[in-house]
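*Asks:* here are the coordinates; sequence isn't available:
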DNA sequence: ATACCTGCAAATGCTTTGCGGATGG
DNA sequence: CCATCCGCAAAGCATTTGCAGGTAT
């Protein structure tokens, strides 16, 4: 796990003028510790503070911008106000329950030849696919529904 | 075309306590006139003003909220700051060029049995699927790339 | 008549920016 | 040493809200 922080860090520094700072290391560390979670900038800020290594909010936003451009993380808008970030770990997609706000991750929903088809039919070279599916989760499917948006 | 405005209006008023006002009629009119476009609240605001039937921005946001909940429109975040709205006309998806910001609409990208599969495998009842594909369009695929985000 | 709408102005909340001081390479 | 980065405070923007007056039904 500690290894991976360095993997990412090294990769970032490799070709560019990107400096390795305690703040950036800490942010990546937190992203790895919470892999599979969707975290807002504010949540990362709180976690860092709780671990006695506070990182200022503007620094977090600036870092997220860099990491997103590098493809290390992806930024999601689930409709709850603040953007949510997560480590990019393979192409997966999100089922979003409109009743309780739960996010379920799923893979393997897209046809395998999608990228080639788009290139052939549209001349479009795709880098990343994001499928969001809105609906009701197992628990809410038969419950009376409340209104959206609802964060968790 | 004028017919369709009334279709939507009537449909909205049918089961609910929703009033038919000039502002709501105007907004729907503009959405229909610009079908296939992606418009921000601000753009709708400008268009209404230009047509001598101004609608206040808060009213536009409030109306968009209602129309979205009713499924008349869908709200998109393409990363350019403001949300973009469009009439819901069949399930289509968006190719987003990271170089020039162009949005290309495409249909028929998802497996036909997707909804049934999700219900069977996850117990998830899906209402709406939105696939966003980031990459480079035909014109930009060989151009030197600039940085993102760029709106148009 | 009355519940619902609108417009205005102000508030809100996420995100970005300017800047002086700090620091990694 | 110097370009880059950080934290702070303040600004920027899209969106929401409170409220008083207006309007559809």
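*Replies:* Received the coordinates, thanks. What you are looking at is a predicted structure, and each value in this text was computed from that prediction instead of being measured.
*Asks:* what helices or strands is the helix or strand bottoming out on mean pLDDT in chain A leaning on?
*Replies:* Least confident helix or strand of chain A, by mean pLDDT, DSSP states H and E, is helix A:2-15 with a mean of 76. In terms of contacts (3 or more Cβ pairs under 8 Å, 6 or more residues apart in numbering or on different chains; DSSP states H and E), helix A:2-15 is packed against helix A:22-33. For the C-beta atoms, the positions are set from N, CA and C on the backbone; glycine is no exception.
*Asks:* is DNA strand C contacted by the helix it packs on?
*Replies:* Yes: judged by Cβ under 7 Å from any atom of the strand, helix A:22-33 and DNA strand C are in contact via residue A:22.
*Asks:* How far off centre is that helix?
*Replies:* Centroid separation for helix A:22-33 versus its chain: 14 Å, with Cα atoms, centre = their mean, to the nearest Å.
*Asks:* I'd like the next helix or strand past it.
*Replies:* For helix A:22-33, the following helix or strand on the C-terminal side (DSSP states H and E) is helix A:41-50.
*Asks:* Buried residues of the following helix or strand past that following helix, list them for me.
*Replies:* Downstream of helix A:41-50, the first helix or strand assigned by DSSP H and E is helix A:57-69. Neighbour-count burial for helix A:57-69, with 16 or more other Cβ atoms under 10 Å in any protein chain shown as criterion, is recorded at A:59, A:60, A:63, A:64, A:67, A:68.
*Asks:* Just list what helix A:57-69 packs against, helices and strands only.
*Replies:* Right, helix A:57-69 is packed against helix A:22-33, helix A:41-50, strand A:73-76 by 3+ Cβ pairs under 8 Å, 6+ apart.
*Asks:* export these to TSV and tack on distance to residue B:30?
*Replies:* Output for those, formatted as TSV (distance: least, Cβ to Cβ, whole Å):
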stretch	distance to residue B:30
helix A:22-33	42
helix A:41-50	35
strand A:73-76	30
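*Asks:* Let's have those in TSV, adding mean pLDDT.
*Replies:* Output for those, formatted as TSV (pLDDT from 0 to 100):
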stretch	mean pLDDT
helix A:22-33	96
helix A:41-50	98
strand A:73-76	94
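*Asks:* Minimum distance to residue A:115: which of these has it?
*Replies:* Minimum separation from residue A:115 across the helices and strands packed on helix A:57-69 (Cβ to Cβ) falls at strand A:73-76, 17.3 Å.
*Asks:* What is the nearest of the buried residues of helix A:57-69 to DNA strand D?
*Replies:* Checking these against DNA strand D by Cβ to the nearest atom of the strand gives residue A:59 as the nearest, at 3.2 Å.
*Asks:* mind listing what the closest one touches?
*Replies:* By Cβ atoms under 8 Å, 6 or more residues apart in numbering or on different chains, the contact set of residue A:59 is residue A:23.
*Asks:* same deal with residue A:103?
*Replies:* A:38, A:78, A:94, A:95, A:96, A:97.
*Asks:* Let me have the helices and strands packed on helix A:57-69 in CSV, extended by mean neighbour count.
*Replies:* As requested, the helices and strands packed on helix A:57-69 are exported to CSV (neighbours: other Cβ atoms under 10 Å in any protein chain shown):
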stretch, mean neighbour count
helix A:22-33, 19
helix A:41-50, 16
strand A:73-76, 18
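*Asks:* Could you export the contacts of residue A:103 to a markdown table, including columns for pLDDT and distance to chain B?
*Replies:* Listed next are the contacts of residue A:103 as a markdown table, based on pLDDT from 0 to 100; distance: Cβ to the nearest Cβ, whole Å:
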| residue | pLDDT | distance to chain B |
| --- | --- | --- |
| A:38 | 96 | 15 |
| A:78 | 92 | 10 |
| A:94 | 96 | 10 |
| A:95 | 97 | 5 |
| A:96 | 95 | 10 |
| A:97 | 94 | 8 |
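*Asks:* Most neighbours out of the residues you listed, which is it?
*Replies:* Of all the contacts of residue A:103, residue A:96 has the most neighbours under the rule other Cβ atoms under 10 Å in any protein chain shown, reaching 25 neighbours.
*Asks:* Name the next helix or strand downstream of the host helix or strand of it, please.
*Replies:* In this structure, residue A:96 sits in strand A:93-97 according to DSSP H and E. Note on strand A:93-97: by DSSP H and E, the next helix or strand toward the C-terminus is strand A:103-106.
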